[in-house]
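J.: Here is my input; please provide its structure:
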Amino acid sequence: MSQKILIVDDEKPIITLLNYNIKKAGYETDVAYDGLEAIRKCETNEYDLIVLDLMLPEMDGMEVCKHLRMNKMDTPILMLTAKDEEFDKILGLEMGADDYLTKPFSPKEVVARIKAILRRTTISTEPNFNLLKVGNLVIFPERYEAEMNTKTITFTRKEFELLYHLAKNKGKVISRDQLLSSVWDYDFVGDTRIVDVHISHLRDKIEPNSKKPIYIKTVRGLGYKIEEPV
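T.: Down below sits the predicted model:
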C-alpha cells in the first residue's frame, strides 16, 4: 500500500504542481485549501506526511501544526513558507514541524524532502531494538518516549530520532552535517539550524538546567555529543 500525503495550500497552481509531482513519485495524495479543512481531514483520515503551507485562510499553517501536535498527532510535517525570515522558520520547527522549504521551490526538492522524512519515520525497523540509558535518562525507542527519574518525557518524532541517534553514539562528537545526514537523511546540503533548534528542544525537555546542559554538550566548532553527566 502506497504512502499517503496531504497537501495543504490555498493556491490552486501550487496544489496542482505538488499533486502531480508527488503522485508521479509514487505516493497517494489528498488536498486541503485552508487550515480548518486540513484539521478536519487529519481527524478523519490517516496520512503518512503533511505538506503544509504557512499562509492559509481560516487558520494559518503555524496554528494547524500547533493544533495537531497538541492533539498528539505526530504525522511528519513539511512546512512551506513564502517568507524568508529566520523567525518564521524557527517558529515553525518549535511548533512541531519536521522540516521547511521556502517558496519558490523546485518540485523535485519537495519530493526529495518528503522521501528523506519518510525514510526516517520508523526507528523500530532497526535491529537490536532495545532501550538506552544515559545517566538518569532512560530512552524507550518503541514508545518514542524517555523517562527522567521515572517521569515520562514525550517528544516530536524528529526530536526523538535526534535524541536516539545521539544516545546510540554516546560520547562521540557528531557534526551538524552528520546529524542532518543520519537523522534527516538528507542527500543534499541542508540548513544546520534545523539541528540547533531540535537540540534546544531536547535540552528544554531533558536537562535540569537547559542553559547549563549536562547531557547534550556542544563541542565548539565540531558539533554535539551526549554523555554521562558528571
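
J.: what about the closest residue to Val230 other than its chain neighbours, how many residues close to it?
T.: Nearest non-adjacent residue to Val230, counting by Cβ to Cβ, 6 or more residues apart in numbering: Ile214, 7.0 Å away. Bear in mind the C-beta positions are built from the backbone N, C-alpha and C, glycine included. For Ile214, the neighbour count with other Cβ atoms under 10 Å is 15.

J.: pLDDT wise, what is Ile214 at?
T.: As predicted, Ile214 sits at a pLDDT of 96.

J.: Let me know whether my guess that it is in a helix holds.
T.: No - looking at Ile214 with DSSP: H, G, I helix; E, B strand; the rest coil, it is coil, so not inside a helix.

J.: Surely it is in contact with Ile226?
T.: No - applying Cβ atoms under 8 Å, one finds Ile214 not in contact with Ile226, separated by 10.2 Å.

J.: who touches both of those two?
T.: Shared contacts of Ile214 and Ile226, defined by Cβ atoms under 8 Å, 6 or more residues apart in numbering, are absent.

J.: For the protein, which segments count as helices?
T.: In the chain, helices defined by DSSP state H lie at 12-24, 35-44, 61-70, 86-94, 107-119, 157-168, 176-183, 193-206, listed in chain order.

J.: so can I have a markdown table of these showing mean neighbour count and mean pLDDT?
T.: Shown next, in a markdown table, are these (neighbours: other Cβ atoms under 10 Å; pLDDT from 0 to 100):
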| stretch | mean neighbour count | mean pLDDT |
| --- | --- | --- |
| helix 12-24 | 15 | 96 |
| helix 35-44 | 17 | 96 |
| helix 61-70 | 20 | 92 |
| helix 86-94 | 18 | 70 |
| helix 107-119 | 17 | 90 |
| helix 157-168 | 22 | 92 |
| helix 176-183 | 18 | 89 |
| helix 193-206 | 19 | 92 |
